[in-house]
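K.L.:
Dropping the sequence and predicted coords here.
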Amino acid sequence: MGRRALFMAKNKKLVEAITAMDTDFAQWYTDVVKKADLADYSSVKGCMIIRPYGYAIWENIQAELDSRFKATGHENVYMPLFIPESLLNKEKDHVEGFAPEVAWVTHGGEEELTEKLCVRPTSETLFCQHYANIIGSYRDLPKLYNQWANVVRWEKTTRPFLRTTEFLWQEGHTAHATMEEAEEETLRMLNVYADFCQDFLAIPVIKGQKTEKEKFAGAQATYTIESLMHDGQALQSGTSHNFGDNFARAFNIRYLDKDNTHRYVYQTSWGVTTRLIGALIMVHGDDSGLVLPPRVAPIQLVIVPIATHKGGVLEKAQEIFTTLKAKVRVKLDDSDKNPGWKFSEHEMRGVPLRLEIGPRDVENGTVVLVRRDNGEKLTVNIAELAQKVPEILQEIQDGLLAKALKHREEHTSKAYSLAEIKENLDKKPGFVKTMWCGDRACEDQVKEVARASSRCMPFESEHLSDTCAICGKPAKAMVIWGRAY
RNA sequence: CGGAGUGUGGCUCAGUUUGGUAGAGCGCUGCGUUCGGGACGCAGAGGCCCGGGGUUCGAAUCCCCGCACUCCGACCA
């Protein structure tokens, strides 16, 4: 009864099974993951069961990205799950970066292995060894490979999708004849990610370069797309690395050039992970649960028939289902739950559009459409549905991106001192822009005082002042700071 | 890796203080009535009380030792 009362009193919050965002954002996140049937916990810490609905989102992400990778000339391959210890150790910075979080296989059956095998935390070393074998001539270049795989990193703190011990991702690994080509590739793929996030996931991102401190172990340059969650925390949503010839030297990947001299190749790697699902939740979700942008939504429209025992309703619903099936991903929920229950269920799962059809509608030749993003109800003639539904879905897609962008802008500030960075973040968590001298010491200080890290040096940067906001020395770049997941 | 908390039907928990026949709500199954914002009635099914050792006539409850998970801080996609 108390629950019911809450339900009635607070019209905005339609689902009482989910903790309100303002009450406890972390709990809200966990509630959404579970109530939207995205994932379940497993018996191994940090490993989750991705349920059909969550996996369907991942499959949509995969399909779209994969076609964009193919369109830019990449081929898919599959590398082994295991890496011999000696192979992992070949590149010094790389192994040092990953050593603390690798899982090791020491036994095969009852027998102890002569060499430990690492469960891949990433596959640079595997690709490198393979490239050393197959690249001989400039005619073999470039090699543009990608793999869809799982990787394991022994994390201390885990959260579903955001940081799990095992996660799914894609890792692109390419080899080029020149540094210029490698740099071009690195940026090309960063742009693929950025466009994908904005067009498909309706998540606005900031493109930029990581500082020395934050760059990938073994890379010469790391580029990133950074997004801002609803609670003002930053999320690194994808990275693209230019390795230069670091790995090529360590793994002796050389090609014979046109002038008959051996040269090292220049390599890149780039990846996005199931973390993107976490971003979707935290960028678009609300107190009623998940809100999915139509393009990534496994179900774009759900049909809820009302009073199915009355003649004609179910038949009409089925007819509409058949018509719309050709245009959008549609589900007819003809289960014997109550309509109200179904409304809540599909809201929690973030279905962008709901279609209600009851006896009144059948009589009038109309249906009621309800938007998940703003709750708006529209009465539409059945004859117009095939045209209207795609239009409304597009509006929702655009609206979500605009809303997220507005939120990010409202949570982005400028600062001119260390104290101001901290003050801004404490007052209103988000992105803080400052000038920076380029010294690691200043980053460490921001970490210590403001509990924030440098997210990136954005490509689109401004000149805020001549001096570093932290130490006052001449500034070299603008940096965006934030508290990150 | 520190600090705190929690482990009892599928889920959320009560029961533990003070040892004495394992409970509730939700969910699940069947039948019927309902159906425009989480419906209702009746009848059911379902538990090695996290694990291992003690103490006791008797342990979910008391004592040791583990393990797991959650949340908060240092490292990371």
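P.N.:
Now that the structure is in, tell me what you want to look at. Residues are numbered from 1 along each chain as shown, chains lettered A, B, ... in the order given.

K.L.:
so which strand or helix has the nearest residue to residue A:40 once chain neighbours are set aside?
P.N.:
Distance criterion Cβ to Cβ, 6 or more residues apart in numbering; nearest residue to residue A:40, sequence neighbours excluded, is residue A:49 at 4.4 Å. C-beta coordinates here come from the backbone N, C-alpha and C atoms, glycine included. Per DSSP states H and E, residue A:49 falls inside strand A:48-50.

K.L.:
and residue A:379, bridged to which residues?
P.N.:
Per DSSP bridges, the residues bridged to residue A:379 are residue A:368.

K.L.:
Mind pulling up the pLDDT for it?
P.N.:
pLDDT recorded at residue A:379 is 97.

K.L.:
do the same with residue A:313
P.N.:
95.

K.L.:
ok now do it, which residues does it touch?
P.N.:
Contact analysis of residue A:313 by Cβ atoms under 8 Å, 6 or more residues apart in numbering lists A:305-307, A:357-359, A:362.

K.L.:
how about low-confidence regions in the stretch 251-400 of chain A?
P.N.:
Low-confidence regions of the stretch 251-400 of chain A, defined here as pLDDT under 70, do not occur.

K.L.:
what does it put close to RNA strand B?
P.N.:
Within the stretch 251-400 of chain A, the positions near RNA strand B by Cβ under 7 Å from any atom of the strand are A:271, A:273-275, A:288, A:306-309, A:336-341, A:343-345, A:347-348, A:356-361, A:367-368, A:370, A:375.

K.L.:
Please name the nearest non-neighbouring residue to residue A:383.
P.N.:
In this structure, residue A:383 finds its nearest non-sequential neighbour in residue A:365, 7.4 Å apart by Cβ to Cβ, 6+ apart.

K.L.:
Residue A:343 contacts residue A:304, correct?
P.N.:
Yes. Judged on Cβ atoms under 8 Å, residue A:343 makes contact with residue A:304 at a distance of 6.8 Å.

K.L.:
Check the gap between the residue in the stretch 351-485 of chain A that RNA strand B sits nearest to and residue A:86 for me.
P.N.:
Nearest residue of the stretch 351-485 of chain A to RNA strand B: residue A:358, at 2.5 Å (Cβ to the nearest atom of the strand). Look at residue A:358 and residue A:86: by Cβ to Cβ, to the nearest Å, they are 69 Å apart.

K.L.:
before we move on, what about residue A:74?
P.N.:
29 Å.

K.L.:
ok, these two, which is more surrounded?
P.N.:
Counted by other Cβ atoms under 10 Å, residue A:74 and residue A:86 do not tie: residue A:74 has more neighbours, with 21 against 10.

K.L.:
Give me the pLDDT for the more buried one.
P.N.:
Residue A:74 carries a pLDDT value of 98.

K.L.:
Equivalent analysis for the one 5 residues further on, please.
P.N.:
The score at residue A:79 is 95. That number is its pLDDT.

K.L.:
That one: helix or strand, and which one exactly?
P.N.:
Using DSSP H and E, residue A:79 is not contained in any helix or strand.

K.L.:
That one is in contact with residue A:125, isn't it?
P.N.:
No. Look at residue A:79 against residue A:125 with Cβ under 8 Å: they stay out of range, at 9.6 Å.

K.L.:
Comparing the two, which residue is more hemmed in?
P.N.:
Set side by side, residue A:79 and residue A:125 show more neighbours around residue A:125, with 26 against 18, by other Cβ under 10 Å.
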